[in-house]
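[1] Got a sequence here, can you model it:
(chains A and B)
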Amino acid sequence: MKKKIALLCLMSSVAPVMAAETVNIYSYRQDFLIQPILEAFTKETGIETKVVFAKKGLIERLKREGKFSPADVVLTSNFSKLIQLQDEGLIQPVHDETIEKNIPKSFRDPEGKWFALTKRVRSIYSSKDRQKGSNKIRYEDLADQKYKGKICTRSGKHPYNVGLIASMVAHHGEAKAKEWLQGVKENLARKPQGNDRAQVKAIKEGLCDLSLGNSYYLGKMLKNDKQRSWAEAVNINFPNQADRGAHINVSGVVLTKHAPNKANGVRLIQYLSSKQAQETYASVNMEYPVKEGVPVSDMVASWGKFKEDSIAISEISKHRVTALKLVDEVKFDL
Amino acid sequence: MNRVRITAWHSFSWAAGILLSLPLLALFFQSLSPDNELFVHLWNTVFTDYLTNSILLLVGVLCFSAFIAIPLAWLNAMCEYPLKRFFSWSLMLPLAMPAYLIAAVYTELLDYAGPIQVWLRQTFGWQSPQDYWFFDIVSLAGAVLMLSLVLFPYLYLILRSFWLEHSYDLIRASRVMQHSPWQSFIRVSLPMARGAIVAALALIGMETLADFATVHLFSVNTLTTAVYDTWIDHSSLGAAAKISCVMLLMIFLLIGAEKVGRRQRAVHDTMAREKKAMYTLTGGFGWLAAGVSMLILLLSFFIPVGVLVYYAVIYAAENWRFDFLSHAWNSFQVATIVSLICIALSVGLVIFQRFFQQKGQQIPGQLASTGYAIPGTVLAIGVLIPLTLLDHQVNHWFGQWFDWQPGLIFSGTVFAITFAYVVRFNAIAVGTLENTLAKVSPSIDMAGRTMKLNRFQLMYKVHFPLLRRGCLTAGLLIFIEAMKELPAALLLRPFDYQTLATYIYQYVSDEQLELSALAALFIVGVGLIPLFVVNRNIEAHGR
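    This next block holds a predicted model:
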């Protein structure tokens, strides 16, 4: 008996904390982006949050942990991960009135498997000096020969670019999309590298004239002393305004299949879709909230209104794997 | 009586060997899974490029490291020149510098917007990138340079102490035969050190193949990044494991080379070492030697450290928060525990090899060394597979017996990182201790046996004291490596757990190195302490 007790004591001392009032989060989003929101959540609900942040590999970890995984929710920064989570069967659907009221239909899975929290626009940054009048630009134009040696982008395999390529496949078919991607590759000023901000920096330095980048980076650069001059060298353009509209990616959240603190997980998702959290997303991270009626930040508003590509995320996501293969086939990153 | 003890030794060694090769075995079995479609796709598209890049990177780093380290080691072992004593230890300093840090620092320095190019443009009146050519650090060549700068000390260290211990008599003989210093270097010093060079280069090669952060930062697509992409983006563990197996082939070649190298090295017996240097470089030559040494030292250590210090001062408000101290404590704890475990395991393994000179006796040691060359990310998958299986089993049992389940006690706790590090770094301990023990003449064992010592007594009274220095060296090297390790820690850490490396990487990956400069200096600083101890040991050993 003594042995049993000792063993139990030992076990409980090393076992992950599973107190009733916590919610465990696997996050693809950086700590400091979500920390203010999580703190506010704890303040309001008394539920403690615990986070593992990693840019890669969390899905794989979740998969291996199976039913013993401590994770309740996963936060992602793009829809690719949401779909991967869904495809791997790591999700349990949530049907909750509050959440469904907060998040419009086109930004959540019809079966409640995933929820988008914010919208991010894949925009085209252009040099203020060298590319005036780029505001009518279309994604398709990036393959135009007149931009030879003028385009910068991050890796084609990054989920933001994969999303865009998948949307090209959805709109134009695989063959056309491949031709386009090949064209873009041939126009690149340098091998794909760095993050979205590094491309804007490259425009400022005169290495290229155009770059692909998410919209909120402009706001972040403007708020950063070191990077402000980069941002001031470019204009932000929302592509394809005369036709289908700009490609939208989303950050999102899912409830894991084996969430040990399910109720708290749902509570967190409710909170993340609430007006309060959505406002923080808008003001701190300069993203576009999914909840209707929540205003964007003043800075974001100053970039103007734009037309969104209305194709459903679930439709684009069908072409994610094809998009990845196209990146390899045209050797986009090499 | 004796039989029982043999079994105990055998079971310990084989258990340790198998335990530490579990991640590799898991990967191997995974690679057999039918995931051929994706692998064929990769094979038809980008695989050749990845493979070529890996080979170019490997060859580049090996050549460049040799190019730096061989002359420096020879100068320091053979010649008298200004500041020689200072260089004898200071050229080890780059070992404390994580490759991803030096890469991040040089990217900022050599960038178009960096101070050097800005200065060039101002001086020569150039306006745009089209006006002049400048070395692009974000490239394969850049990665070769960065990795060489932090890895060459392995070769320098091994070669310098080899020449200090071995070469004088032979060189004197060659000099008598009218060889010039240059000829005796080419014909005597270099050939006799062949084994040491190969062994050290194999080490450097494995470190190169295992690197993820640097090639990722420089957008060089290698097999390592391919494994990552395949696993993460294509969600195919099977195809990722297949690529890993291709890498392992390269690695086994390196391990084979290292073994051959070590065997050749063992041929030479230690000769008495003299304190006086072979040559004295006077005047211009002396200062040239000192200048070259200083240049390498500046590039590989003092400039990066200087930049970090500069950032820590300029961005003082963001840096002097000290919230990273708790992460530093995590790193310190894990690194210490891992060092101790590796030493304990390896002492057992190498003594086993010595006692049982039979066929296959070296296999457990080799199995226990396989993890060294596995890139951290791949290792993390390899570790997760057996640990989660174990967790599931344990929970199943507990559920049956106690109606209670402990959760992920192995894969969900610090145990996972600790285990991964032991798997990864145990090779360092096995290698170092094998070397140390090889220098102990077998006749000492025989002398012990004639004094009726049994194996345990022999181990306790004879081998342990003789291995002490090797243990210290190995332990400290592992400590440094564990402090720097990044990719496995990123993937395996429990909730709200950071190591110093993961903390810094958050900022580096966001191109905001300056905000974590103090923490980065801390990693380098902690790495320096063991280096000094190791060096004093080598010095003491040499005397």
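
[2] B:Thr436 versus the residue nearest the centre of chain B, what's the distance?
    For chain B, B:Glu207 is the residue whose C-alpha lies nearest the centre (CA atoms, centre = their mean; 5.1 Å). Distance of B:Glu207 to B:Thr436, given as CB to CB, to the nearest Å: 21 Å. Any C-beta I mention is one placed from the backbone N, CA and C, and that applies to glycine too.

[3] B:Ser161 now?
    For B:Ser161, the distance to B:Thr436 equals 12 Å [CB to CB].

[4] Compare these two (neighbour count), which wins?
    Between B:Ser161 and B:Thr436, counted using other CB atoms under 10 Å in any protein chain shown, B:Thr436 has the larger neighbour count: 20 against 17.

[5] secondary structure class for B:Leu467?
    Recorded secondary structure, B:Leu467: helix (DSSP: H, G, I helix; E, B strand; the rest coil).

[6] Give the burial count for it, as a bare number.
    Neighbour count of B:Leu467, defined by other CB under 10 Å: 22.

[7] shouldn't it be in contact with B:Leu433?
    Yes: using CB atoms under 8 Å, B:Leu467 is in contact with B:Leu433, at 6.1 Å.

[8] shared neighbours of those two, anything?
    B:Val347, B:Val350 (CB atoms under 8 Å, 6 or more residues apart in numbering or on different chains).

[9] just checking, A:Ser126 is part of a helix?
    No: read with three-state DSSP, A:Ser126 is strand and lies in no helix.

[10] My guess is it contacts A:Pro239. True?
    No: applying CB under 8 Å as the test, A:Ser126 and A:Pro239 come out as separate, 10.6 Å apart.

[11] who's more crowded, the two?
    Each of A:Ser126 and A:Pro239 has its neighbours counted (other CB under 10 Å); A:Pro239 has more, 28 against 24.

[12] what sits against the more buried one?
    A:Arg122, A:Ser123, A:Ile124, A:Ile137, A:Arg138, A:Tyr139, A:Ala246, A:His247.

[13] In helices, which of these appear?
    The helices, defined by DSSP state H, take in nothing from the contacts of A:Pro239.

[14] which of those lies closest to B:Asp111?
    Using CB to CB, A:Ile124 comes nearest to B:Asp111 of the contacts of A:Pro239, at 23.3 Å.

[15] My understanding was that the closest one contacts A:Lys136; is that so?
    No: with contact defined as CB under 8 Å, A:Ile124 does not count as touching A:Lys136 (10.8 Å).

[16] between those two, which one's more packed in?
    Remark: of A:Ile124 and A:Lys136, A:Ile124 carries more neighbours, 27 against 11, as counted by other CB under 10 Å.

[17] Give me the nearest residue to the more buried one, chain neighbours excluded.
    Counting by CB to CB, 6 or more residues apart in numbering or on different chains, A:Ile124 lies nearest to A:Asn237, which is 4.7 Å off, once chain neighbours are set aside.

[18] can you check B:Ser31 too?
    Leaving aside its sequence neighbours, B:Ser31 sits nearest to B:Ala241 (CB to CB, 6+ apart; 3.7 Å).

[19] Show the model's pLDDT score for the one you found.
    B:Ala241 carries a pLDDT value of 81.

[20] can I assume it sits in a helix?
    Yes: judged by three-state DSSP, B:Ala241 forms part of a helix.

[21] Which residues are in contact with it?
    Taking CB under 8 Å, 6+ apart, we find B:Ala241 in contact with B:Leu27, B:Phe28, B:Gln30, B:Ser31, B:Ser33, B:Ile381.

[22] are any of these buried, and which?
    By neighbour count, with 16 or more other CB atoms under 10 Å in any protein chain shown, the contacts of B:Ala241 hold B:Leu27, B:Phe28, B:Gln30, B:Ser31, B:Ile381 as buried.

[23] In JSON lines: those residues, plus pLDDT and secondary structure.
    JSON lines is the format used below for those (pLDDT from 0 to 100; DSSP: H, G, I helix; E, B strand; the rest coil):
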{"residue": "B:Leu27", "pLDDT": "82", "secondary structure": "helix"}
{"residue": "B:Phe28", "pLDDT": "82", "secondary structure": "helix"}
{"residue": "B:Gln30", "pLDDT": "81", "secondary structure": "helix"}
{"residue": "B:Ser31", "pLDDT": "79", "secondary structure": "helix"}
{"residue": "B:Ile381", "pLDDT": "79", "secondary structure": "helix"}
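
[24] Run a quick neighbour tally on A:Lys305.
    Residues lying near A:Lys305 (other CB under 10 Å) number 8.

[25] Can you check what pLDDT the model gives it?
    At A:Lys305, pLDDT is 90.

[26] just the one 4 residues further on next, same as before
    A:Asp309 is assigned a pLDDT of 93 by the prediction.

[27] shouldn't it be in contact with A:Asp243?
    No: the criterion here is CB under 8 Å, and A:Asp309 misses it with A:Asp243 at 9.2 Å.

[28] ok, the two, which is more surrounded?
    The neighbour comparison of A:Asp309 against A:Asp243 (other CB under 10 Å) goes to A:Asp309, with 19 against 11.

[29] For that one, which non-adjacent residue is spatially closest?
    Of all residues not flanking A:Asp309 in the chain, A:Gly245 sits nearest, at 4.2 Å (CB to CB, 6+ apart).

[30] interface residues of the stretch 201-350 of chain B facing chain A?
    By CB under 8 Å from any CB of the partner chain, the residues of the stretch 201-350 of chain B that approach chain A are B:Phe218, B:Ser219, B:Asn221, B:Tyr228, B:Asp229, B:Trp231, B:Ile232, B:Asp233, B:His234, B:Ser235, B:Leu237.
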